[in-house]
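K.L.:
Starting from these lines, generate the structure:
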Amino acid sequence: MDEHDLFLAELLWHEGRGDHTSDACPGCPCPTLTPPRYRCQDCLDSQLYCGLCIIQNHIQLPTHHIEEWTGQFFQRVSLKTMGLHVQLGHAVGERCILPRRAFNDEFVLIDTNGIHEIGLDFCGCTTSQTHIKQLLRARWFPSTSTDPQTAATFRILHHYHILSFESKTSAYEFYHSLDHYESFMHMVCEWCHLVMLKRSGRGHDLGGVAGTSEGQCAVLCPACPQPGKNLPGDWQDAPKAKGWLYGLFLAIDANFHLKRRTVSSDETDPSLSRGWAYFVEERSYKSYISDRAGDVQEKSTCSNHNAVNMAETKSSQGLAAMGVGTIDCACHNMKCPNGVGNLQKGEKYLNMDYLFFLSLRHSTVDVLNVSYDIACQWHKHLWSCMLSLPPSHHLNYLARTIHFFVPKFHLPAHVSKCQTIFSFNFTRFVGRTDGKAPERGWSNINPVASSMKAMGPGSQTEKAEHSAAFEEFDSVIASENRVAWKAEMEAWEENPNDTTVTNPLEPKGIAITQASAHLSLAQLEAQELEHGVDPSLHPDVSPSVLIASGMDLEEEHVLRTRLSLRRKIESWRQTQLLYVPSVHVLVAASATSGLDNAELMKLWLPSALNSNTCDSHLQHTEWELRFAQAHDALEELRQSFRVHCSLLTFKREWIRGQGANTHAQNALTRVHARQKVDWRGRLQDLSDDDVKPLIDPFATQGEGRQRLTWIWMMDGVDSRANGGDVNGVRVEWCKSRARALCWAEEVDLLQEEMHRVLQFFNWQANWWEGQGVLQAAAQDEGLHAYASQQANIRRHLTAHFRSIWAPFISPQDILGTALGFKRGSIEMVDRFGKYFLPKFFSSG
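P.N.:
Alright, predicted model coming up:
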C-alpha cells in the first residue's frame, strides 16, 4: 500500500463530525433548540441528526448502530435507550392502542451486524396474532415459543445456512461463500493493518506511517516494568531488596501447531507491517537464519530433550514454517514487541537467539529473569552467539543481573542438578512465578491453527500458612545448624549459576544402598524384639517396672502365641494387685463376660482407671513412660520413611524386570506395613495425613505448596543421635525457607504490579491527550476525537482497577509518589486472570 497516509487520514476523518458541524438538524422542518448530536454507523448518510429525527429514521431499522457526539468524541448508544420501540402486528409507523411489552421488557435480536437489545411491543388488540406469529411475520425467528426474549433475523439464519454448507471441508470454502474471495481477503488484511496503525497512534504522528519503527504497534504489558512509563524516576537507585521488583520476567517457547504451508512467497504476498508489531521483520530475520544454516546445534547434556536433539530431523516438506517461536512476558502472557518469528526447521537455538535479543533491543531494565524449557542447554553459549548478531541487537549483559530458569511444569523432566539450579521455587526475588505463561496463551491461539496453515497465579492465606510452617520448623532446629544452613543458602542465592558455590539444596551424603537398607530394617526388627522380651518379675517390683511391663504386654499380643501371652498377663497381674487392689473387681467382671482371647484381656493400667481408685504416683509414672514411648514411636516412623523413600528411588532408577520388581515391591510392602503398625494405637492424635515422609519422591503437590507434617517438627529432628537424618533435614529446611520467602515476595510483586498498571494507564491517557490537535479543520477534529476517545478508555481502565484494588493498596501506592512505599500483606488475586485487557482494547 503506497497510500498509507491517505487511507489512514480518511479513517480518522470519520472519528470526528467531518463536514457536518452545523448546529441545525437537517431532518427537522424548522430550526429547533435541539442540536444534531447523533449519527448512524450503518446508514449511507453520515449526517448528524437530533434525537427525535434519528429515531424516526430508524423505525424500520432497529438493528443499526447509533453514535452520540459528546463534544470531544463519539460514543455508542442504543436506539432502545433513546426511546425507540418496535411495534409488531401493525403497519410501520402505526401505534397499537393496547401494546404489550416483551417479557420483562428485555428482548435481544441477532442480526448480521451484531447482537442488539430491542425495545419491542407486541400487538394486544382482540384480533391480534400470537406473539410467535407476530415475530415470524416480521421475519424474526424466536428462540422459544413461550415468552420469547431472543430472536434471530431470517437474514442471518439464511446467511449462516449457506456458510455452514460451504465451509464443511475447509476454511477456503467457508470464505468462498461470500463470493469475490480474493478481493475480500485483501480488503480484510488491509483493514486489519490500518486498524492496527490507528490504534497505535500512527495517524497522529507527524512522521506518518513511514516513520513507524519496528515493534511500535505492539500492545505493551501494563504490569511489566516500562521505564519512563510506569516506574518511579529513581528506580535504578533502589537497593537490591527493592530493586528486584523492577525486574523483567521473560518466557521463551515454541508452538508447532501454528504451521504455514508453502502456498505463496514474500514477493507475491508481502507483509504490510514490516515488523511493526509482534512478528520480526522477515527480510533481516531470514537473512540471518540462512547465513548460519550450516551451524551444527550442540546435543543436550541434560535429559533427552527432543526440542534440542531432534531439531534437525523434523520434516518440513511442503511447509514454509513448521511453527512459531515467541518471547512473552512470563507473568502476564503478553507477547513482546518483535518477539514472534517463524521456525523454518524445528526449535533451533539460532532462531530463539534472534528473537530473544531483538525483543530486548530497547529494554533498559537491570534485572532479567528468563524462563525456557531448555534453558539449561540454551544459555551455555548464549553470549558468544550474540556476537554473530548485528551490533544493534547486542545486550550489555555484564551490567545486568540475569537469571535463567526452567518452567515448573517442565523441571521434573530434567536431571536432579537442574532441578535446583534452574528452579523458580528455590531462587530469591522471583515470587511464585512459574514460567508457564506461553502455554496458557497457546490454548487460545491453537484453534486458529487450521486457518493459518493456508494463509502469550495464591492468596494471603497461603503466605501466612507457609510463613508459619517455616517458623515452626525453624524453631526445632539447633542454633548452630540454623546459622550454618542460612549462611550456605545466602551464599548460593547470591551466585545461583556459579558451580563453585556449594548448592545447599542438593544432599551431601551418600544415598542409602540396598545393603544399608537391609541393615536398617534389621535394626528396627531388633528394637521391636528388644521391647518384647519378657521382663524378669521379682517380688520387689518397683512401680516403674510394673507400668513398663504392662505397656510391653500391650504390644506383645502381635508377637506371642495366645497361651504364652495369657500366662505372662496372669503372672504380671499378681504384682499389679499389690499396687492397685481395686483392679481385682474389674478383672473378675471381665472374666465373667467370656473374653477368653488373651489379646482382648484388659490390663487396667492407671490411664484406664478413675483417678480416685489409683495412686497418683503410678499415674505420673505411666505418663512419663508414655511420653517417652511416643517419641520412640515417632523416631521409628521417621526411620521407616527414610528407608521406604530410599527403596522407592532405588526401585524406580535401577530395578527392571518382573521378578526383580516383585521382590522390590514386597520389600516396600513390609516397610510400609511396619509404618502403620508402629504408630496406630500409640499416638491418638496422629492422623493418616500426618504420616508423610520428609522428602516424598512421588509427591503430587507442587513444590511451592508442600508442607511438612508435625512429626518432622519436633525437637531433636536434626540431631545425629539415633541415626537422625541431618542431611535430609538440612535440605528440607532450606527448601522450606525458600518457599516461605517466595510467598512473601509474591505479595510484594503483585502489589508492585498493581501500582505499575495504574501508572501505565495514566501515562498512556496523558500520551493520547497530547496527540489531540485542536483545530477547526474536519480532519483535525477526527484526530482529536479519536485521541480523546482512547484517553477516555485508559481513564476508565484506571478508575476500574483502582476501585477493585482499593482494599489492597494504599493511597500512597496509587499516587506513586515515593520509591520505598510500604507494601503490607494483601489478598493476592490470580496473576493469570486479573488483567482482562483485550476486551478494553477492542473498541475502535
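K.L.:
Wasn't residue 339 part of a helix?
P.N.:
No. Under DSSP: H, G, I helix; E, B strand; the rest coil, residue 339 sits outside any helix and is assigned strand.
K.L.:
Quick one: residues contacting it.
P.N.:
The contact partners of residue 339, by Cβ atoms under 8 Å, 6 or more residues apart in numbering, come to 278, 326, 327, 328, 355, 358, 359. Where C-beta positions appear, they are placed from N, C-alpha and C, glycine not excepted.
K.L.:
In strands, which of the residues you listed appear?
P.N.:
Among those, the ones falling in strands (DSSP state E) are 326, 327, 328.
K.L.:
tally of neighbours for the second one?
P.N.:
Meaning residue 327. The local packing of residue 327 (other Cβ atoms under 10 Å) involves 28 other residues.
K.L.:
ok, the nearest residue to it once chain neighbours are set aside to residue 361 distance?
P.N.:
Distance criterion Cβ to Cβ, 6 or more residues apart in numbering; nearest residue to residue 327, sequence neighbours excluded, is residue 339 at 3.4 Å. Going from residue 339 to residue 361 by Cβ to Cβ, to the nearest Å gives 11 Å.
K.L.:
shared neighbours, these two?
P.N.:
Joint contacts of residue 339 and residue 361 (Cβ under 8 Å, 6+ apart) do not exist.
K.L.:
filter the contacts of residue 339 to the buried ones?
P.N.:
Buried members of the contacts of residue 339, counted by 16 or more other Cβ atoms under 10 Å: 278, 326, 327, 328, 355, 358, 359.
K.L.:
Surely the first one is in contact with residue 335?
P.N.:
Just to be clear, that refers to residue 278. Yes. Residue 278 is within contact range of residue 335, at 4.9 Å (criterion: Cβ atoms under 8 Å).
K.L.:
and for those two, which residues touch both?
P.N.:
Joint contacts of residue 278 and residue 335 (Cβ under 8 Å, 6+ apart) are residue 218.
K.L.:
Can you add pLDDT and distance to residue 111 and give the ones in strands among the contacts of residue 339 back as a markdown table?
P.N.:
A markdown table is the format used below for the ones in strands among the contacts of residue 339 (pLDDT from 0 to 100; distance: Cβ to Cβ, whole Å):
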| residue | pLDDT | distance to residue 111 |
| --- | --- | --- |
| 326 | 91 | 37 |
| 327 | 93 | 41 |
| 328 | 91 | 38 |
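K.L.:
Farthest pair within the contacts of residue 339?
P.N.:
Greatest spacing in these, by Cβ to Cβ: 328 and 358 (14.1 Å).
K.L.:
so how many other residues sit close to the closest residue to residue 409 other than its chain neighbours?
P.N.:
By the measure of Cβ to Cβ, 6+ apart, the closest residue to residue 409 outside its immediate chain neighbours is residue 436, 5.4 Å from it. Using other Cβ under 10 Å, residue 436 has 20 neighbouring residues.
K.L.:
I'd guessed residue 436 sits against residue 405; true?
P.N.:
No. Contact criterion Cβ under 8 Å: residue 436 and residue 405 do not qualify, at 11.0 Å.
K.L.:
about what we covered before: of the buried ones among the contacts of residue 339, just say which sits nearest to residue 578.
P.N.:
Nearest to residue 578 out of these is residue 328 (Cβ to Cβ; 80.4 Å).
K.L.:
Report the contact partners of the closest one.
P.N.:
Counting by Cβ under 8 Å, 6+ apart, residue 328 makes contact with 250, 251, 252, 253, 334, 335, 336, 339, 437, 438, 441, 456.
K.L.:
Name the helix or strand of this structure that has the lowest mean pLDDT.
P.N.:
The helix or strand of the chain with the lowest confidence, counting by mean pLDDT, DSSP states H and E, is helix 837-840 at a mean of 36.
K.L.:
Please tell me the pLDDT value assigned to residue 801.
P.N.:
Residue 801 is assigned 91 on the pLDDT scale.
K.L.:
For it, grab phi and psi.
P.N.:
Main-chain torsions, residue 801, degrees, to the nearest 10: phi -70, psi -40.
K.L.:
swap in residue 248?
P.N.:
The phi and psi values for residue 248, taken as degrees, to the nearest 10, are phi -100, psi 130.
K.L.:
Quick check: the nearest residue to it once chain neighbours are set aside vs residue 200, distance?
P.N.:
Spatial nearest neighbour of residue 248, chain neighbours left out: residue 365 (4.6 Å); criterion: Cβ to Cβ, 6+ apart. Going from residue 365 to residue 200 by Cβ to Cβ gives 22 Å.
K.L.:
Kindly report the same for residue 797.
P.N.:
Counting by Cβ to Cβ, the gap from residue 797 to residue 200 is 17 Å.
K.L.:
Tell me which of these two has more neighbours.
P.N.:
residue 797 (22 against 17).
K.L.:
Which pLDDT does the model give the residue nearest to residue 327?
P.N.:
We have a pLDDT of 92 for residue 339.
K.L.:
And it, how far from residue 126?
P.N.:
69 Å.
K.L.:
same check, this time on residue 257
P.N.:
62 Å.
K.L.:
more crowded one of the two?
P.N.:
Remark: of residue 257 and residue 126, residue 257 carries more neighbours, 15 against 5, as counted by other Cβ under 10 Å.
K.L.:
How is the nearest residue to residue 97 once chain neighbours are set aside assigned, secondary-structure-wise?
P.N.:
Spatially, and ignoring its direct neighbours in sequence, residue 97 is nearest to residue 125 (7.1 Å; Cβ to Cβ, 6+ apart). Look at residue 125: counting by three-state DSSP, its state is coil.
K.L.:
okay but residue 125 is in contact with residue 89, surely?
P.N.:
Yes. Residue 125 lies in contact with residue 89 (Cβ under 8 Å); the separation is 7.1 Å.
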